[in-house]
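Q: generate a structure from the sequence data that follows.
(chains A, B, C and D)
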Protein chains: 2
Amino acid sequence: MTATVREVAKRAGVSAMTVSRVINGGVGVRPATRGRVEQAIADLDFFPNRIARGLTSSKTGAIGLIVPDLVNPFFTVVLRGAEMVARRAGYRVLLCNTESDLTLERSYIEDMMSHRVEGLIVAPVNDNSRLNLSPLMRRGLPFVLIDRGVPGVDSDLVQADSAAGARRLMQHLTKIGHRRIAFIIGSDDVSTTRERARGYREGLAAAGISVEADLVIQTTVDRIGGYRAMQQILRLESRPTAVFAVNNMTAMGAMETIREAGLSVPQDIALVCFDDVEHLAVLSPFMTVVDQPAEKFGTLAVQLLLERIGGRAGERSRLVVLQPELIVRHSCGVQFRTSRSRSSGAPGVA
Amino acid sequence: MTATVREVAKRAGVSAMTVSRVINGGVGVRPATRGRVEQAIADLDFFPNRIARGLTSSKTGAIGLIVPDLVNPFFTVVLRGAEMVARRAGYRVLLCNTESDLTLERSYIEDMMSHRVEGLIVAPVNDNSRLNLSPLMRRGLPFVLIDRGVPGVDSDLVQADSAAGARRLMQHLTKIGHRRIAFIIGSDDVSTTRERARGYREGLAAAGISVEADLVIQTTVDRIGGYRAMQQILRLESRPTAVFAVNNMTAMGAMETIREAGLSVPQDIALVCFDDVEHLAVLSPFMTVVDQPAEKFGTLAVQLLLERIGGRAGERSRLVVLQPELIVRHSCGVQFRTSRSRSSGAPGVA
DNA sequence: TTGTAAGCGTTATCAC
DNA sequence: GTGATAACGCTTACAA
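A: Okay, here's the model as predicted:
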């Protein structure tokens, strides 16, 4: 199907080794020789076989990125950041979408090992991902966790300060007068869920409010989960004045319920959430959110991973905690203007 | 770093071939032998090296997917569809994001050839992608174009009927009374742009309206492009009553301008576009759109590609034209209810 | 049912 | 500066 180094070598009247040298930068090859080889490569339309290369050198030039939900814009942006940094370093990103399925996660991790990626970035499904990660730990394949930590797994980790973000959100809501704030929350076996729940409790406590169990609705962390949770909230005898959705997807679902009920945000009920929905947040009502620097999750994770792959990392695992940012818009019930271009200015222009 | 077939073989007291047979399904291996091999595999924590496998069998089990913008939800959903079908067929999808950069597209295509993918799905940047695709054609590597056709490239193609979609949109707008409809359009070297422009003209003509050059604003097909184009539109002496944005991203940018200007949709100006923004369309005002079946682009493309890889496709190239669907919501200025659950019902429930 | 031998396309190593 | 040889880990083809 395509020429090999040997064929190129033959045509250029050199050895395969010389061809190999040329396609790898050509150091230590006389310009004249090099020219002949390059000509032969062009003539034969030769593309080096990376597969074969990976076999001898065990440098496959690939890293894996495993995320639970690629349709979630948060992870899309993580991916964009990761790919950019990886490409600049000469690496390819192999992407895996587990759809929050532990079995799929396990098989993707095995797949990545089979593909001999040099390292892995994983946004784990939940605490049970520990079992899936253990083969990586056993064989010492470098990996970096993002977004979510996994108890019992000692590795580099890039995460946001979820508790602080939630506290800030609660602080804001209570400051503008909300006292009864519902919380749409996910399963307890995800670290970010636990942290956001802690921030919720602490934030309320700081305002002298105690948590009402009725107002904490546990559900799946996706649109349908948010949809159902909000239905439940609207059925409460005494309706809360505000709702905190644990992430962007649940917030979307919650919005849908609110609209169907003929209510509006923030007039009838306030709604805030984690994760800015980025380029789509232009649609009103503009959500008040705690934004996580998604792209940084990707870029930092790749940097940490490449350091580790390159043996420049040391034994100890590293923890990077990114600060989320409160962006006050309209869905909480106050009309603010922030200094952020994303909320009040042009998209990406000064 | 990890065990090899030979090491497993030694431990199990068999030959490497027997191990190979076991890891490939184990047909023609006596159960007892097979058991010993499996035990040895478990003991040594062995994972077959796909790289090496790909070298001998030239079945790498990978296909490439090249898209111009992964942050665009349309392509994210395409990816989801593609990956699902590919996985079921035992293939992995290697994803490349060209960011609409022809140079990057070229290098990704070469990269994919180096990785010896068995085939490629490409949403090309524009007509100039022809040059980037030519190496594929030269060596007969199967590929399928999606979304956009490329003049001079004869290949399988999955696309939407853009002209019909645009016509339908114009038909609707004119029917409810709009006569002056601006068009935010992209570069002319993209097939979908040309087709949508044709639909725009034809749709207007059918209503006895002639195109006003002032109302057609050419820009980059992203959020910032839509933002600027809408600024230009608002500066027109005689403001149009409606705006047709060529895709979801330009519509987002346009919305942003409208909001900054203190205007609202549809009271001050109507806004419609191509591509449903899917799970984010829950935010109001609910856009009237022509929706393309994004996931189908992915699933069909993979099916066509796998047929071709498997030699079950025949010489002739195939064209699949998907019908886009008009979803009337509120941004056009009428309050309709459609039968689609996505616009009026629950997310994914009956 | 199992094993032997050779080779996939590249690069590491060590000569020259 | 260039080349010969032997791997890398697996599978194909054939033999036993």
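
Q: what's the average pLDDT for stretch A:308-320?
A: The predicted model gives stretch A:308-320 an average pLDDT of 92.

Q: any idea how far apart the tips of that stretch sit?
A: Its first and final residues considered, stretch A:308-320 spans 15 Å by Cα to Cα, to the nearest Å.

Q: same check on stretch A:142-162?
A: Start-to-end span of stretch A:142-162 (Cα to Cα) is 25 Å.

Q: quick one: average pLDDT of it?
A: Confidence for stretch A:142-162, expressed as mean pLDDT, is 97.

Q: who touches whichever residue of the stretch 51-200 of chain A sits closest to chain B in this structure?
A: When distances are taken as Cβ to the nearest Cβ, the stretch 51-200 of chain A reaches nearest to chain B at residue A:114, 4.3 Å away. Bear in mind the C-beta positions are built from the backbone N, C-alpha and C, glycine included. With Cβ atoms under 8 Å, 6 or more residues apart in numbering or on different chains as the criterion, the residues that contact residue A:114 are B:47, B:48, B:49, B:50.

Q: thought the last one was touching residue A:116?
A: What that stands for is residue B:50. Yes - counting by Cβ atoms under 8 Å, residue B:50 does reach residue A:116; the two are 7.2 Å apart.

Q: just the contacts of residue A:114: which are in strands?
A: When the contacts of residue A:114 are checked against strands (DSSP state E), there are no matches.

Q: where does the stretch 151-300 of chain A have low pLDDT?
A: Per-residue confidence for the stretch 151-300 of chain A (pLDDT under 70) gives these ranges: A:277-285.

Q: circling back to that earlier point, turn the contacts of residue A:114 into CSV, columns for distance to residue B:19 and pLDDT.
A: Compiled in CSV, the contacts of residue A:114 are given as follows (distance: Cβ to Cβ, whole Å; pLDDT from 0 to 100):
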residue, distance to residue B:19, pLDDT
B:47, 12, 92
B:48, 9, 92
B:49, 12, 92
B:50, 15, 89
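
Q: can you map out the helices along chain A?
A: A:5-12, A:16-23, A:31-44, A:50-57, A:73-88, A:102-114, A:129-138, A:162-175, A:191-206, A:223-235, A:248-260, A:294-309, A:341-344 (DSSP state H).

Q: nearest to residue B:106, out of the ones you listed?
A: Nearest of those to residue B:106, taken as Cβ to Cβ: helix A:73-88 at 13.8 Å.

Q: so what does the closest one touch, helix or strand wise?
A: strand A:62-67, strand A:92-97, helix A:294-309, strand B:92-97 (3 or more Cβ pairs under 8 Å, 6 or more residues apart in numbering or on different chains; DSSP states H and E).

Q: export those to JSON lines and append columns for distance to DNA strand D.
A: As requested, those are arranged in JSON lines below (distance: least, Cβ to the nearest atom of the strand, whole Å):
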{"stretch": "strand A:62-67", "distance to DNA strand D": "16"}
{"stretch": "strand A:92-97", "distance to DNA strand D": "19"}
{"stretch": "helix A:294-309", "distance to DNA strand D": "17"}
{"stretch": "strand B:92-97", "distance to DNA strand D": "15"}
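
Q: ok, which of those comes nearest residue A:323?
A: Nearest to residue A:323 among the helices and strands packed on helix A:73-88 is helix A:294-309; the distance by Cβ to Cβ comes to 10.3 Å.

Q: and that closest one, does that touch chain B?
A: No - under the criterion of Cβ under 8 Å from any Cβ of the partner chain, chain B is not reached by helix A:294-309; the shortest gap measures 10.1 Å.

Q: quick one: contacts for residue A:186?
A: Residue A:186 sits next to A:193, A:218, A:219, A:220, A:221, A:225, A:246, A:247, A:250 when contact means Cβ under 8 Å, 6+ apart.

Q: in TSV: these, plus distance to residue A:323.
A: Formatted as TSV, the entries for the contacts of residue A:186 read as follows, by distance: Cβ to Cβ, whole Å:
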residue	distance to residue A:323
A:193	19
A:218	27
A:219	27
A:220	28
A:221	22
A:225	27
A:246	18
A:247	17
A:250	22
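
Q: and those residues, which is closest to residue A:28?
A: If you rank these by distance to residue A:28 using Cβ to Cβ, residue A:247 comes first, at 54.0 Å.

Q: over to that closest one: give its phi and psi.
A: phi -160, psi -180 (degrees, to the nearest 10).

Q: wait, it touches residue A:273, no?
A: Yes - here residue A:247 lies in contact with residue A:273, judged by Cβ under 8 Å, at a distance of 6.3 Å.

Q: neighbours of residue A:276, how many?
A: Applying other Cβ atoms under 10 Å in any protein chain shown, we find 26 residues neighbouring residue A:276.

Q: so how far is residue A:169 from it?
A: If you measure residue A:276 against residue A:169 using Cβ to Cβ, to the nearest Å, the figure is 13 Å.
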